[in-house]
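Trainee: Please work out how this folds:
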Amino acid sequence: MKPIWKRSLSALAAVLVLGASGLAASARIPEAAVSPVYSAVWNDATQISPEGEYTQAKQAIYEGLLQHQEQINVAGMGLTSSNALDVYVSVLKNHPELFAPKASISWSYNPSTGAVLSIIPQYYYTAEEVPAMQAKIDAVVEQMQSLTQGMSDYDKLLTIHDWLAERMTYDYDVASSSDLTSGRTAYDALVRHQGVCEAYDYGFRLLANELGFETGYAKTQDHVWSMVKLDGEWYHVDVTHDDPSIGDGSGSSYLVPGCVLHTCFLVSDAGVQDANHGSGSYEATNTATSTRFDGENALSSTWDGVAVWNGGVYFADDGTLYTGDVSGSLTSVDTGLLYVSSAAAYPDGTSGLLLTGYQSPAESEGLYRFSQDGLEKLADLSAGEYFNDPQVIVWCSYAAENPDGTIAVTVSSTLQPEFQTTVVTLPAPEPEPEPCRHPNLVWEIAAAPTAESNGILQGVCPDCQQEFTKVLLYGDLNLDGGMDVLDVMTLAQTVVGSAQLPEELSGDYNGDSRVDVLDVMTLAQMAHPN
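Mentor: Here you go, the predicted model:
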């Protein structure tokens, strides 16, 4: 079912490019030759190159691919015709951010020694196309960084896993093709949301790397998946196998956008072998011995992908919405719905949750918005423009922002004979209003201060009607919350008649029943006793 790695010879013969100048043709000695084009697709033909081998060549290849070079100099770096493709492919596999180059190269070499002089890569995209495509990947990375800010490492990885599995569709056309077409890169996973297992793997590892995780990968003869390091231990993560759109193992596809399994999320070597990863020769960049997350967990009974709202993760299981630490303790959420079949989130992660479910046994399933403001029904999913069936059972959904700012919510149902999908288009959520900064706040004296006790100030903002209370210090004549030289100046202006104190404040600080320059001097000593 999965694509396989195999070398394919796409050119016919080596081409002699240089000869000894001034000699007869029959006596020329070849100095450099160019190999045919060799391609690799996932299988045992391209072995995992261990870390520490051919490091100089790998670095040169990586930098050359970043610069989209047509020919990369690797002379004297130990590459030969027998290892050049393996080393080149290992660079691609260890750098999921490289989405432009194909796993397809030729090379120039010294015919007499076999030493490779330069790598000649092939690319899916031109150098001019790459910047705009990179910007789209960067936007997804920024979104994921924003969504997962403040989360535990476990929940960050879970969010990446479910985000991909919800949106991805396995591409059988690419899998069955012997050509190296698109559908095998992180760009395909993060932007196009369609590809084969390589794309799932690259997409997961790119996002995990950007969030600070160390990653690797594992493969068998016909499949590849991710590995990630969490709390000092390595685990397997296979987003492809956790995406039900790849089918039920019989060759048929459910094609249910939004559904997510968690069978292959953070499992051990033993756990991943138990999950049908044993076909062909197994190889991995790391060893995963921890069984901490193998077997039953809080996500084992749900097909609902987690939704992120205000830095927390939420998911529906058996009619109830849950939140909390998925690897630890969870709490149920009172949503106002009798039954919650799925949870999604607005793309910004802050505008609320999108829930499918119903409020009473007599009601058909609907789409709701759940936020700090409560529950709001957005659509009746049994209506004619959606599933047109009062018995519809809706079980998963996800949301994406359209170019015009509206929100497209993909909802799938169990209507037979096939699973069906509809899209509910919602208006863009109202932006949260800017908090009032109370520029026109007016303070009034509720209780005057004395030499023995502080007073009380009360204020009301005329713009938002919010009420405030604060302490009024003895000697605070300008009501700014402190007692300093400004209050001394206020009292001095009062003495000369250019200002007037509030009637609750006398200004007599030396106790002689008059307000004059002696009170100004007394207040100055109070403000600056030293």
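
Trainee: So, low pLDDT: which residues of the protein?
Mentor: Low-confidence segments of the chain, defined by pLDDT under 70, are located at 1-31, 41-47, 49-50, 178-180, 246-257, 274-280, 296, 414-418, 431-432, 530.

Trainee: where along it do the helices fall?
Mentor: In the chain, helices defined by DSSP state H lie at 55-66, 84-94, 130-147, 153-167, 172-176, 186-187, 197-210, 269-274, 485-495, 517-527, listed in chain order.

Trainee: The nearest residue to Leu190 once chain neighbours are set aside - how many residues pack around it?
Mentor: Ranked by Cβ to Cβ, 6 or more residues apart in numbering and with sequence neighbours excluded, the top spatial neighbour of Leu190 is Val140, at 4.5 Å. C-beta coordinates here come from the backbone N, C-alpha and C atoms, glycine included. By other Cβ atoms under 10 Å, the residues close to Val140 number 19.

Trainee: Next, work out how far apart the residue nearest to the spatial centre of the chain and Val442 are.
Mentor: Per Cα atoms, centre = their mean, the C-alpha nearest to the average position across the chain is that of Met144, at 2.2 Å. Using Cβ to Cβ, to the nearest Å, one obtains 46 Å as the distance from Met144 to Val442.

Trainee: ditto for Gln145
Mentor: The value you get for Gln145 to Val442, if Cβ to Cβ is used, is 42 Å.

Trainee: Also Leu98?
Mentor: Separation of Leu98 from Val442 (Cβ to Cβ): 62 Å.

Trainee: and what of Gly366?
Mentor: Distance of Gly366 to Val442, given as Cβ to Cβ: 47 Å.

Trainee: Looking at those two, which has the bigger crowd around it?
Mentor: Gly366 (21 against 11).

Trainee: surely the more buried one meets Ala379?
Mentor: Yes: counting by Cβ atoms under 8 Å, Gly366 touches Ala379, with 6.1 Å between them.

Trainee: which other residues reach stretch 115-130?
Mentor: Residues from elsewhere that reach stretch 115-130, judged by Cβ atoms under 8 Å, 6 or more residues apart in numbering: 32, 34, 37, 61, 64-65, 68-76, 79-81, 84, 88, 99-102, 104-110, 133, 180, 182, 185.

Trainee: taking those residues one by one, which sit in strands?
Mentor: Those of the contacts of stretch 115-130 mapping onto strands are Val34, Ile72, Asn73, Pro101, Lys102, Ser104, Ile105, Ser106, Trp107, Ser108, Tyr109, per DSSP state E.

Trainee: how much space is there between the fifth one and Val91?
Mentor: Computed with Cβ to Cβ, the distance linking Lys102 and Val91 is 12 Å.

Trainee: Then the second one?
Mentor: Relative to Val91, Ile72 is positioned 10 Å away (Cβ to Cβ).

Trainee: Please identify every residue contacting each of the two.
Mentor: With contacts taken as Cβ under 8 Å, 6+ apart, the residues that reach both Ile72 and Val91 are Ile61, Leu65.

Trainee: When these two are compared, which one has more neighbours?
Mentor: Neighbours around Ile72 and Val91, counted as other Cβ under 10 Å, are more numerous at Val91. The numbers are 24 against 20.

Trainee: That one against Glu63, yeah?
Mentor: No: using Cβ under 8 Å, Val91 is not in contact with Glu63, being 10.0 Å away.

Trainee: Looks like Ala175 contacts Gly195 (just checking).
Mentor: No: taking Cβ under 8 Å as the definition, Ala175 is not a contact partner of Gly195, at 9.3 Å.

Trainee: Which one of those two is surrounded by more residues?
Mentor: Shown here are Ala175 and Gly195; by other Cβ under 10 Å, Gly195 has more neighbours (28 against 20).

Trainee: The more buried one bridge partners, please.
Mentor: Each beta-bridge partner of Gly195 is listed here, defined by DSSP bridges: Tyr170.

Trainee: and for stretch 441-459, what are the contacting residues?
Mentor: By Cβ under 8 Å, 6+ apart, stretch 441-459 touches 460-462, 467-476, 479, 481, 502, 504-505.

Trainee: and among the helices of the chain, the most buried is which?
Mentor: Comparing the helices of the chain by mean neighbour count (mean count of other Cβ atoms under 10 Å), helix 197-210 ranks first with a mean of 27.

Trainee: Now do that helix against helix 84-94, angle only.
Mentor: Helix 197-210 runs at 50 degrees relative to helix 84-94, counting by axes from the mean of the first three to the mean of the last three Cα atoms, to 10 degrees.

Trainee: and helix 197-210, what does it pack onto?
Mentor: Applying 3 or more Cβ pairs under 8 Å, 6 or more residues apart in numbering; DSSP states H and E, one finds that helix 197-210 contacts helix 130-147, helix 153-167, helix 186-187, strand 215-220, strand 223-230.

Trainee: could I get those as TSV with distance to Val515?
Mentor: As requested, these are exported to TSV (distance: least, Cβ to Cβ, whole Å):
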stretch	distance to Val515
helix 130-147	58
helix 153-167	64
helix 186-187	76
strand 215-220	75
strand 223-230	71
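
Trainee: Of all those, which one is nearest Trp309?
Mentor: Nearest to Trp309 among these is helix 130-147 (9.3 Å), distances taken as Cβ to Cβ.

Trainee: For the closest one, what is the distance to the chain centroid?
Mentor: Taking Cα atoms, centre = their mean, to the nearest Å, one finds the center of helix 130-147 at 9 Å from the center of the full chain.

Trainee: Let me know the angle separating that helix from helix 55-66.
Mentor: Taking the same axes, to 10 degrees, helix 130-147 and helix 55-66 form an angle of 100 degrees between their directions.

Trainee: circling back: now the buried members of the contacts of stretch 115-130.
Mentor: Buried residues within these, counting neighbours by 16 or more other Cβ atoms under 10 Å: 32, 34, 37, 61, 64-65, 68-69, 72, 74, 79, 81, 84, 88, 99-102, 104-109, 133, 180, 182, 185.

Trainee: Now list the buried members of the contacts of stretch 441-459.
Mentor: When burial is judged by neighbour count using 16+ other Cβ under 10 Å, the buried members of the contacts of stretch 441-459 are Val460, Cys461, Leu472, Leu473, Tyr474, Gly475, Asp476, Leu479, Leu505.

Trainee: Just these: which are in strands?
Mentor: Judged by DSSP E, the buried ones among the contacts of stretch 441-459 include Val460, Leu472 as members of strands.

Trainee: Kindly tell me how buried Thr425 is, as a neighbour count.
Mentor: Applying the criterion other Cβ under 10 Å, we find 11 residues in the vicinity of Thr425.

Trainee: Tell me who's in contact with it.
Mentor: Taking Cβ under 8 Å, 6+ apart as the definition of contact, the neighbours of Thr425 are Asn402, Thr406, Ile407, Ala408, Val409.

Trainee: With adjacent residues omitted, what lies nearest to Thr302?
Mentor: Once its chain neighbours are removed from consideration, Thr302 has its nearest residue in Asp317; the separation is 4.1 Å (Cβ to Cβ, 6+ apart).

Trainee: any idea how far that neighbour lies from Trp395?
Mentor: Asp317 sits 11 Å away from Trp395 when distances are taken as Cβ to Cβ.

Trainee: Can you pull the residues that touch both of these two?
Mentor: Any residue near both Asp317 and Trp395 by Cβ under 8 Å, 6+ apart counts here, and that gives Asp304.
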